[in-house]
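> show me the folded form of this:
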Amino acid sequence: MGTEDPGADPELKHADWTPEEVDALMCYLHRHHAEQGDTGSFRQSTYANAADHIHPLLVSGKVKDHKNVSIKWGALKQTYKAIVTYHSKLGEHWDNECGVNIGGALAAESWSKYVAVKANAQMKPFHNKGWEYLEFLEDIFP
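The predicted structure follows:
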C-alpha cells in the first residue's frame, strides 16, 4: 500500500485487491479492449461494468466501484510501461517467465541500484519472475 495524499478524497483511497479480483478485472478489460480510447483509458461505463463483474469475488473490504477500477487500471498500465521501457528502450533482457533474470553478484548489484531509483521501483518484483498480465496488455496496446 502506498502513502496516502492527505488532501485526497477518502473515497478514492486505494482499495485492496485480491489476486482473483485483479485476474477477473484483467480478463474483463481484455475482452472489452475495443472500448478503450486513444489515451489507453476506458469509458466510465466500462469501468462500472468491470466493477459489477468483479463484485461477486469480494471476500472482504471495500466494494470496488468505477473509480477504484480506473485507479487499478492506471497502476497496471504503469507496470506495463515500466516493463516495456526496461526491455525495449533500455535494451535489457526480459522474458515473461524469468523477468529480468538477475543472476550473479554484479548483476544483482546493478539491479539493486536500478530499482533504488524511485522511477524504476515498479520493476523490483520482476528480478526473477515475469508478469502474468503482460500478454493481456500487449494485446490491448499492440
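> pLDDT value on residue 59, please?
What the model reports for residue 59 is a pLDDT of 84.
> per-residue confidence for residue 5?
For residue 5, the predicted pLDDT is 40.
> show me where the protein has its helices.
19-31, 44-54, 66-84, 105-116, 134-140 (DSSP state H).
> could I have the CA atoms of the third one written out in PDB?
What it means is helix 66-84. The C-alpha coordinates for helix 66-84 follow below in PDB (Å, rounded to 0.1, in the frame of the first residue of the first chain):
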ATOM      1  CA  HIS A  66     -15.700   2.600 -11.300                       C
ATOM      2  CA  LYS A  67     -13.200   4.900  -9.600                       C
ATOM      3  CA  ASN A  68     -11.300   2.000  -8.000                       C
ATOM      4  CA  VAL A  69     -11.300   0.100 -11.200                       C
ATOM      5  CA  SER A  70      -9.900   3.200 -13.100                       C
ATOM      6  CA  ILE A  71      -7.200   3.600 -10.500                       C
ATOM      7  CA  LYS A  72      -6.200  -0.100 -10.600                       C
ATOM      8  CA  TRP A  73      -6.200   0.100 -14.400                       C
ATOM      9  CA  GLY A  74      -3.800   3.100 -14.200                       C
ATOM     10  CA  ALA A  75      -1.500   1.100 -11.900                       C
ATOM     11  CA  LEU A  76      -1.500  -1.900 -14.300                       C
ATOM     12  CA  LYS A  77      -0.700   0.400 -17.200                       C
ATOM     13  CA  GLN A  78       2.200   1.900 -15.300                       C
ATOM     14  CA  THR A  79       3.600  -1.600 -14.600                       C
ATOM     15  CA  TYR A  80       3.300  -2.400 -18.300                       C
ATOM     16  CA  LYS A  81       5.100   0.800 -19.300                       C
ATOM     17  CA  ALA A  82       7.900   0.100 -16.800                       C
ATOM     18  CA  ILE A  83       8.500  -3.300 -18.300                       C
ATOM     19  CA  VAL A  84       8.300  -2.000 -21.900                       C
END
